[in-house]
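# With the sequence up front, the predicted model follows.
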Amino acid sequence: MPDLALPAFLAAHPHAVLVAIDEARGSTPRDRGTVMLVADKAIWGTIGGGQFEFMAIDNARALLAGGGETEMDIPLGPEIGQCCGGRTRLSFSLVTPEIARSLGERLSQEAEQNPSVFLFGAGHVGLALARALAPLPLAVTVVETRAEALLDVPEGIAERHVAMPEDMVAEIPAGGAAVILTHDHALDFLIAREALTRPDLPYIGMIGSATKRATFAGWLKREGDDGGLIDRLVLPIGGTAVRDKRPAVIAALVAAELLTVLGPSASGGLREPAADR
């Protein structure tokens with residue numbers, strides 16, 4: 001689903017400047033193709049922060065006022081108070097309907113390429129993880145058997161209210177992830193078994209402990225598995241380096257785990273929310 005921040009920003013700030021990184025050499029905070037929009041009193045996106053971004057914002061606002069430059073070549077060194085050591089060439093364009101349409105198309109194309117993550121369960125940890133993943137370049141779907149549990153799912157995340165969540169595993173696109181966090185261990189096991197038969201899913205995780213893993217291994221064996229399926233299961237999710245069971249902490253750890261495994265490409269700044277600066 002396309003991020004609504006961009007059209008909302010353009011509707012609220014029709015007079016804006018598109019700032020684009022046209023060239024990035026050496027060590028730079030963002031890559032070529034990254035963009036942001038600058039209006040008189042608001043910003044959408046980021047080209048990496050720091051002094052060079054403030055210089056770009058000042059130039060964009062000067063352009064809005066009738067001055068400014070259409071290009072800037074900025075060394076990211078001590079002369080501007082940065083230590084990246086690289087160099088960036090920026091271009092500045094007044095936003096036209098054509099530019100706005102092009103940005104929207106690019107956003108849609110990038111969203112289609114985002115890896116899919118299916119969260120099975122919208123309990124405390126499931127909702128915390130949904131909130132953690134919402135701003136990331138991932139296509140997130142929350143699957144639940146309880147309609148009331150979906151009421152607090154963050155905006156922009158897909159919801160599926162189904163009677164048999166294990167059947168939804170087949171709908172996860174290849175290259176995606178299944179994170180299993182339901183309120184019922186038996187249901188967790190059914191979903192996990194379906195997911196583990198999908199070799200095209202690089203991440204399958206289940207919330208729980210070493211004891212739950214052992215219980216699941218025994219259940220799989222009784223169901224006829226020879227012991228190989230469970231090797232692909234991440235349980236516990238989020239690793240064991242940080243021993244903190246608060247939902248928000250678990251969510252942060254799992255979000256990092258998912259990004260590491262799925263390896264989504266940089267979104268070029270197009271998924272950044274608007275902010276006042």
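Yep, it's here.
# any idea which element Ala178 lies in?
Here Ala178 is covered by strand 177-180, with elements defined by DSSP states H and E.
# isn't Leu187 right next to Pro165, touching?
Yes: assessed by Cβ atoms under 8 Å, Leu187 is found in contact with Pro165 at 6.6 Å. In short, each C-beta sits where N, CA and C put it, glycine included.
# Now stretch 28-42: buried residues?
Using 16 or more other Cβ atoms under 10 Å as the test for burial, stretch 28-42 gives Thr28, Pro29, Arg30, Thr34, Val35, Met36, Leu37, Val38, Ala39.
# all strands for the protein, in order.
For the chain, the strands defined by DSSP state E occupy 16-25, 35-39, 43-45, 71-75, 87-94, 116-120, 139-144, 158-161, 177-180, 203-206, 233-234, 274-275.
# Could you export those strands as a markdown table, including distance to Phe216 and mean pLDDT?
Compiled in a markdown table, these are given as follows (distance: least, Cβ to Cβ, whole Å; pLDDT from 0 to 100):
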| stretch | distance to Phe216 | mean pLDDT |
| --- | --- | --- |
| strand 16-25 | 46 | 89 |
| strand 35-39 | 45 | 93 |
| strand 43-45 | 43 | 91 |
| strand 71-75 | 54 | 82 |
| strand 87-94 | 50 | 88 |
| strand 116-120 | 14 | 96 |
| strand 139-144 | 19 | 95 |
| strand 158-161 | 23 | 94 |
| strand 177-180 | 10 | 97 |
| strand 203-206 | 7 | 96 |
| strand 233-234 | 8 | 94 |
| strand 274-275 | 44 | 46 |
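# Packed most tightly, which of those strands would that be?
strand 177-180 (a mean of 27; mean count of other Cβ atoms under 10 Å).
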